[in-house]
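Asks: what follows is a predicted protein model with its sequence.
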Amino acid sequence: MRRIIAILLLIIVAMGISLTLAKIPFGTPKTKVGTHYIKEGIKQTGSDNIVTAVVVDYRAFDTLGEVTVLFIATIGLGAVLTAGAGVGTRKTQPASMVLYTGCRLLFPLILIFGTYTFFHGGGFQGGAIVASGFLLIYLGCRERRISQRAFILAASLGGLAFVVIGLLGLVFGSYFLLNFLPKSASNTLFSAGVIPIIYAVIGFKVGSELASIIDNLIEES
């Protein structure tokens, strides 16, 4: 009896999935908004990457809210983990030769790759790459550690720069976070106006915040 009930349930679930997939409009966009972004996005924003244009142009204010939430989470985590912590000497065990060598050689390359990602439409991704470089520092070069104040200052400056760019949109145009810089030909560094600048600011801010979280989560011996 249990097998029959299980088979019937599987059939019902399979039918539900099949009907759901049959109603998904694959291929050509069925909404006017999606069609508008695809047809007019490059001309309006100067960005060949429509996803990038949507994230930091059409819905840049929403992205500002997202990075604000990450900043608040970073501050909250730091407050929770450092509350009541005593002041003492940090004792660490030396890392293996592989980690130590990788830390010294790869860290600058990771920062360069993260910066490259900033300016090519990947602020959040570039920030995560930069944070992974600091994780490598903490794993391989354990005697090194950056002050929490430096991370928070960097994240604060990144958020402030984001807001200033938005206010400049009001100064030079008609609304907050207006893409006010001139747009040039594709495949140039600043072809999309303020979009690469905003993404660099986001990457700088996200990298600082994630590195701060990693620093807070390091186990003290």
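Replies: All right, it came through fine.

Asks: and the next element down the chain from the helix or strand bottoming out on mean pLDDT in the chain?
Replies: Lowest by mean pLDDT, DSSP states H and E among the helices and strands of the chain is helix 32-45, with a mean of 80. Next in sequence after helix 32-45, counting helices and strands by DSSP states H and E, comes helix 50-53.

Asks: packing partners of that following helix?
Replies: helix 32-45, helix 195-217 (3 or more C-beta pairs under 8 Å, 6 or more residues apart in numbering; DSSP states H and E). In short, each C-beta sits where N, CA and C put it, glycine included.

Asks: the longest one to helix 32-45, inter-axis angle?
Replies: Just to be clear, that refers to helix 195-217. 110 degrees (axes from the mean of the first three to the mean of the last three C-alpha atoms, to 10 degrees).

Asks: what's helix 195-217 packed up against?
Replies: Taking 3+ C-beta pairs under 8 Å, 6+ apart as contact, the helices and strands that helix 195-217 lies on are helix 50-53, helix 60-82, helix 97-118, helix 123-140, helix 148-172.

Asks: what comes up buried for the first one?
Replies: This means helix 50-53. 50, 52-53 (16 or more other C-beta atoms under 10 Å).

Asks: flag the shaky bits of the chain, pLDDT-wise.
Replies: Along the chain, the parts satisfying pLDDT under 70 run over 25-31, 82-92, 187-190, 219-221.

Asks: excluding chain neighbours, what is closest to the residue positioned nearest the centre of the chain?
Replies: Residue closest to the average C-alpha location in the chain (C-alpha atoms, centre = their mean): F124, at 1.6 Å. With sequence-adjacent residues excluded and distances taken as C-beta to C-beta, 6 or more residues apart in numbering, F124 is closest to V206, at 5.5 Å.

Asks: which residues are in contact with the one you found?
Replies: V206 makes contact with 67, 70, 123-124, 126-128, 131, 158 under the criterion C-beta atoms under 8 Å, 6 or more residues apart in numbering.

Asks: how deep is F180 tucked in, by neighbour count?
Replies: 15 (other C-beta atoms under 10 Å).

Asks: any idea how far it is from D57?
Replies: 11 Å (C-beta to C-beta, to the nearest Å).

Asks: same question for A79.
Replies: 34 Å.

Asks: higher neighbour count, these two?
Replies: Neighbours per residue, other C-beta under 10 Å: of A79 and D57, the larger number sits with D57, 24 against 10.

Asks: among the helices and strands packed on helix 195-217, which comes closest to Y199?
Replies: Among the helices and strands packed on helix 195-217, helix 123-140 comes nearest to Y199, with 3.8 Å by C-beta to C-beta.

Asks: distance between the ends of stretch 24-37?
Replies: This stretch, stretch 24-37, spans 20 Å end to end (C-alpha to C-alpha, to the nearest Å).

Asks: just name the most buried of the helices and strands packed on helix 50-53.
Replies: Mean neighbour count (mean count of other C-beta atoms under 10 Å) peaks for helix 195-217 among the helices and strands packed on helix 50-53, with a mean of 23.
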